[in-house]
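[1] return a 3D structure for these sequence lines:
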Amino acid sequence: MNESGRVEAFSDGVFAIAITLLILDVKKPLTTTGQSLAHQLAHQWPEYDAYVVSFLVIGIMWANHHQVFSLVARVDRVLLFLNLMLLMGVSALPWATSVVSSYLNQPDGAQLAVALYGGFMVAHALTFQALWWWLTRTGHLFDARVDELGAKATRTRFALGTVVYPILMGLSFVNALVTLALHGIVAIYYAFNQLRVPTKADTESAEPGEVAPAE
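    Numbering: from 1, shown residues only. Take a look at the predicted model:
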């Protein structure tokens, strides 16, 4: 296994643990409350909402991370630490999800809980952007397939989250439930509009005078 493979394998483990921990916060209904099963299941809707949104978010984070590192041949110390910072946010997201599920139906705490969740997403977006900036700074860590100039041109695409997530933080103080749903919609957007790192094959296949697509 090469250097990049070891980093990706370690990262995959963190992503797998984080996404699994999400379900632990969805409690099973109790038989001692005197309430019907249907009533208890309906009462747990904040847990379901938070779980689904965070599952989508972490899943798309993993997909993007995998796509990037599949084209990384070498790692240096800076990339290692940037990746660790990114994983620190991923591993903490189940905690933020738990806070949201606990307060989403509480009028005094829902807005702050979703804003806190948005803060984690801002941190993740900034870290991912820094990681991508470092990779494209010289391109020396990519494997031979990557078009280094084309990869650098995708920096704006990676920076999208640094604009969207602060806006969602602000919207959380207007309507927490809608904002949480928007986090899920952003994740779905990234699922169907995946980042594609330009390769030299793309450049060579482009017609004369055309620019190979950046995404």
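
[2] average pLDDT for stretch 45-56?
    Stretch 45-56 shows a mean pLDDT of 92.

[3] please apply the same query to stretch 22-30.
    Averaging pLDDT along stretch 22-30 gives 84.

[4] so who does the spatially most central residue of the chain touch?
    Residue closest to the average C-alpha location in the chain (Cα atoms, centre = their mean): residue 61, at 3.3 Å. Residue 61 makes contacts with 15, 90, 124, as judged by Cβ atoms under 8 Å, 6 or more residues apart in numbering. Where you see a C-beta, it was placed from the backbone N, CA and C, and this is true even at glycine.

[5] please repeat the previous calculation with a cut-off of 6 Å.
    Residue 61 makes no contacts at all, as judged by Cβ atoms under 6 Å, 6 or more residues apart in numbering.

[6] and after the helix or strand in which it is found, which helix or strand comes next?
    Per DSSP states H and E, residue 61 falls inside helix 45-69. Following helix 45-69 in sequence order, the next helix or strand is helix 77-103 (DSSP H and E).

[7] in the protein, which helix or strand is least confident?
    helix 200-205 (a mean of 60; mean pLDDT, DSSP states H and E).

[8] which stretches of this protein have low pLDDT?
    In the predicted model, the chain carries pLDDT under 70 at residues 1-2, 31, 33, 193-215.

[9] one more pass at 90, please.
    Within the chain, the stretches with pLDDT under 90 are 1-5, 24-47, 64, 67-68, 70-71, 73, 105-108, 137-162, 188-215.

[10] elements contacting the lengthiest helix in it?
    In the chain, assigned by DSSP state H, the helix with the most residues is helix 110-138. Secondary-structure packing of helix 110-138 (3 or more Cβ pairs under 6 Å, 6 or more residues apart in numbering; DSSP states H and E): helix 77-103, helix 160-171, helix 176-192.

[11] elements contacting the last one?
    When you say that, I think you mean helix 176-192. Packed against helix 176-192 by the contact rule (3+ Cβ pairs under 6 Å, 6+ apart) you find helix 45-69, helix 110-138, helix 160-171.

[12] and the helices and strands packed on helix 110-138 as TSV, adding distance to residue 45 and mean neighbour count?
    Converted to TSV, these look like this (distance: least, Cβ to Cβ, whole Å; neighbours: other Cβ atoms under 10 Å):
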stretch	distance to residue 45	mean neighbour count
helix 77-103	10	18
helix 160-171	20	16
helix 176-192	10	17
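
[13] alright, I will stop here.
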